[in-house]
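Enquirer: The sequence isn't on hand, but the structure is:
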């Protein structure tokens, strides 16, 4: 009981914005960002430990600026919205997150979305610390770390059962495009299909790039051979 009373007293002390609590919030924000960034750094992602620390720290400082300015302006009888700076942070962090999103394999494969989402969540954590919502901030840190570790393992096991590869098909004419895309979607679980000029340069051939599913016990070579046997397919390739 005494522990909870002491904890409540500390919490009440930290809720009052002054020099000590400002320094505590800055430190807690840097720590929260570091905890989130450790996993990204360990796995070599574009945004790692330092990036997440700085994002969280900057967001917390932005929130603190809003809070402290609101207090000063309130003393002068002027109404001010402390959340305005936080709103700008959440919208502005999108530019940094966009830098971690990359397109690969003929502009059809997107990577870096998880890291970008992590940066966005880290900015929200920093704002929470800056506004003094410590419990919510560190609860979010815990959930984000679980998402980066345990949930990612579950996701990997789920996606392993529906492994996908990019393939290129060259078909004999434009008239075969629609039935071919329908066949790929129905029988091969194809998604992200895109019609392209023929790689062979032969007219009236048409190219189709698609992301198709492969069962665990089927090899890429076997899948490509199966694609070769489809009517109107001139040749098929696996795109690396």
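Expert: Received it, and whenever you're ready, just let me know what you need. No experiment lies behind these values; they were computed from the predicted model shown. Residues are numbered from 1 along each chain as shown.

Enquirer: Just the helices from this protein, written as ranges.
Expert: 2-15, 19-42, 49-75, 84-98, 113-130, 134-148, 150-160, 177-187, 220-228 (DSSP state H).

Enquirer: Switch those over to CSV; also include mean pLDDT, distance to residue 194 and mean neighbour count.
Expert: For every residue, glycine as well, the C-beta is placed using N, CA and C. Putting the helices of the chain into CSV (pLDDT from 0 to 100; distance: least, CB to CB, whole Å; neighbours: other CB atoms under 10 Å) gives the following:
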stretch, mean pLDDT, distance to residue 194, mean neighbour count
helix 2-15, 70, 54, 10
helix 19-42, 87, 31, 19
helix 49-75, 82, 33, 20
helix 84-98, 77, 22, 15
helix 113-130, 87, 20, 24
helix 134-148, 89, 31, 16
helix 150-160, 64, 22, 10
helix 177-187, 88, 10, 15
helix 220-228, 86, 16, 14
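
Enquirer: Turn those into JSON lines, including distance to residue 193.
Expert: JSON lines is the format used below for those (distance: least, CB to CB, whole Å):
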{"stretch": "helix 2-15", "distance to residue 193": "55"}
{"stretch": "helix 19-42", "distance to residue 193": "32"}
{"stretch": "helix 49-75", "distance to residue 193": "35"}
{"stretch": "helix 84-98", "distance to residue 193": "25"}
{"stretch": "helix 113-130", "distance to residue 193": "21"}
{"stretch": "helix 134-148", "distance to residue 193": "30"}
{"stretch": "helix 150-160", "distance to residue 193": "19"}
{"stretch": "helix 177-187", "distance to residue 193": "5"}
{"stretch": "helix 220-228", "distance to residue 193": "13"}
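
Enquirer: quick one: which of these is nearest residue 168?
Expert: Evaluated over these, closeness to residue 168 peaks at helix 220-228, with 9.7 Å, by CB to CB.

Enquirer: got the angle for that closest one vs helix 177-187?
Expert: Helix 220-228 and helix 177-187 are oriented at 140 degrees to each other (axes from the mean of the first three to the mean of the last three CA atoms, to 10 degrees).

Enquirer: which helices and strands sit right next to helix 220-228?
Expert: If you count contacts as 3 or more CB pairs under 8 Å, 6 or more residues apart in numbering; DSSP states H and E, helix 220-228 packs onto strand 163-171, strand 206-214, strand 233-239.
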